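Enquirer: Please find the sequence and the predicted model below.
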Amino acid sequence: NNPDIKFILVGEGPLQNNLQSKIKTLKLGNVSIIPFREDALTVLYATDVQLNTSKIEGVPLTIMESLATGVPTISADIGGIASILPEEYLVKDRNPKTYAKIILEVLGKKTKKNLLRNIAINKADIRKTAEEVSKILK
């Protein structure tokens with residue numbers, strides 16, 4: 001219930017129409033879906049946290065990319081994910097309330113690493129993506 005938190009789903013797939021309907025039905029104005037992009041990593045750089053709520057995974061490339069960019073990932077404790085993520089970022093019960101609790105904890109941490117990452121992001125030339133993300137966040 002935090003209007004300052006925006007969710008951006010990147011990609012396309014067979015559940016997209018169902019997700020869009022659910023977003024509309026639940027009046028989730030803070031959730032947006034953007035199509036697959038070749039430069040999805042640029043969107044990742046503009047985020048504060050990534051979620052992986054998959055039911056089946058090995059070690060997903062998106063989590064590896066997230067780790068490489070310094071963006072914390074919160075994930076279901078499935079497949080080989082526990083071998084690469086800290087315990088406090090793993091959701092063992094797949095309960096939405098557990099995800100929410102961890103999201104708020106991660107967003108509440110103001111570490112030097114996050115501050116340095118934000119400075120680097122602000123200096124990067126990502127105007128197009130910034131404009132798109134800005135439209136979504138308004």
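Expert: Received it, and whenever you're ready, just let me know what you need.
Enquirer: can we go C-alpha only for contacts and neighbour counts from here?
Expert: Fine.
Enquirer: The nearest residue to K6 once chain neighbours are set aside - how many residues pack around it?
Expert: Counting by CA to CA, 6 or more residues apart in numbering, the nearest residue to K6 once its immediate chain neighbours are dropped is N30, at 4.8 Å. With neighbours defined by other CA atoms under 10 Å, the count for N30 comes to 17.
Enquirer: and if you look at the one 3 residues further on?
Expert: The local packing of I33 (other CA under 10 Å) involves 16 other residues.
Enquirer: and if you look at the one 10 residues further on?
Expert: A count of neighbours around V43, defined by other CA under 10 Å, yields 16.
Enquirer: could you measure it against S83, distance?
Expert: The span separating V43 from S83 equals 25 Å under the rule CA to CA, to the nearest Å.
Enquirer: Same question for T98.
Expert: Counting by CA to CA, the separation of T98 from S83 is 20 Å.
Enquirer: which of those two has more neighbours?
Expert: Neighbours were tallied for T98 and for S83 using other CA under 10 Å; the higher tally belongs to T98 (13 against 10).
Enquirer: Tell me who's in contact with that one.
Expert: Contact partners of T98, counting by CA atoms under 8 Å, 6 or more residues apart in numbering, are V91.
Enquirer: Next, the buried residues of the helix or strand containing it.
Expert: Take DSSP states H and E as the rule and T98 turns out to sit in helix 96-108. Using 16 or more other CA atoms under 10 Å as the test for burial, helix 96-108 gives Y99, I102, I103, V106.
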